[in-house]
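Student: Predicted structure and sequence below. I'll ask about it afterward.
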Amino acid sequence: MSDLRRASHLITPAYEDNGLFRSPVRRITVGLVPQIHRNNRQDLVVRGFVRDGAAIQVLFAGRRTKQAQGLEARLKSMLFQARSKTAGWRDESTDTIQLPLRIEGVWRSRFSRDAWGCETRYFQLIAARWAMFDDAGVAHLFGEAPVHLHPAHRARVGGPSGD
């Protein structure tokens, strides 16, 4: 099957963000856990929990993956510290290690199919910007606000001349 994606040198920030951010951006507090992987587009996908305890995936896509490398390193460091300090560490305890982030992004739902063919719905939060606190309690902002190709146009009344 041929790849119908545009060449990477043809992808502008506005083109990328039009594909990612199709609904209004929301602010959500998420506790990220050090369960990290990359998808087939090399976007960073991190497991997290929202306030009500629901598990979600946070996606750092496109040009924002480079800015998320520090976040990835911090999560891996937190996991290493927990493993070295806790005797009898079990990987099931990973959910207890959480890095709180304030994320501006959009929700999208996804479906995964199990071995029996049943589909389960889960949610991804596509991050545009995020705030992370360092050890001194200072907030650092990463990412970029979405850029759109076509800004919202006001509706015209009376035809093309605006009469």
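Tutor: It's in.
Student: so where's this protein uncertain?
Tutor: The chain contains residues with pLDDT under 70 at 1-4, 8-9, 88-93, 149-163.
Student: Would you mind pulling the contact partners of the helix ranked longest in it?
Tutor: Ordering each helix of the chain by length in residues (DSSP state H) puts helix 69-85 first. Helix 69-85 has contacts (Cβ atoms under 8 Å, 6 or more residues apart in numbering) with 32-34, 36, 44, 46, 60, 89, 93-94, 97, 99, 101, 130, 132, 142. To be clear about C-beta, it is placed using only N, CA and C from the backbone, and glycine gets the same treatment.
Student: What are the buried residues along that helix?
Tutor: Neighbour counts over helix 69-85 (16 or more other Cβ atoms under 10 Å) mark 71-72, 74-75, 78-79 as buried.
Student: contacts for stretch 20-27?
Tutor: Contacts for stretch 20-27 (Cβ under 8 Å, 6+ apart): 61-62, 102-107, 126, 128, 145-146, 148.
Student: Stretch 53-68 now?
Tutor: 11, 13, 16, 20, 30, 32, 39, 41-50, 71, 101, 103, 105, 110, 122-128, 142-144.
Student: who's in contact with the closest residue to residue 39 other than its chain neighbours?
Tutor: Once flanking residues are discounted, residue 39 sits nearest to residue 45: 5.7 Å by Cβ to Cβ, 6 or more residues apart in numbering. Listed by Cβ under 8 Å, 6+ apart, the contact partners of residue 45 are 36-39, 57-60, 124.
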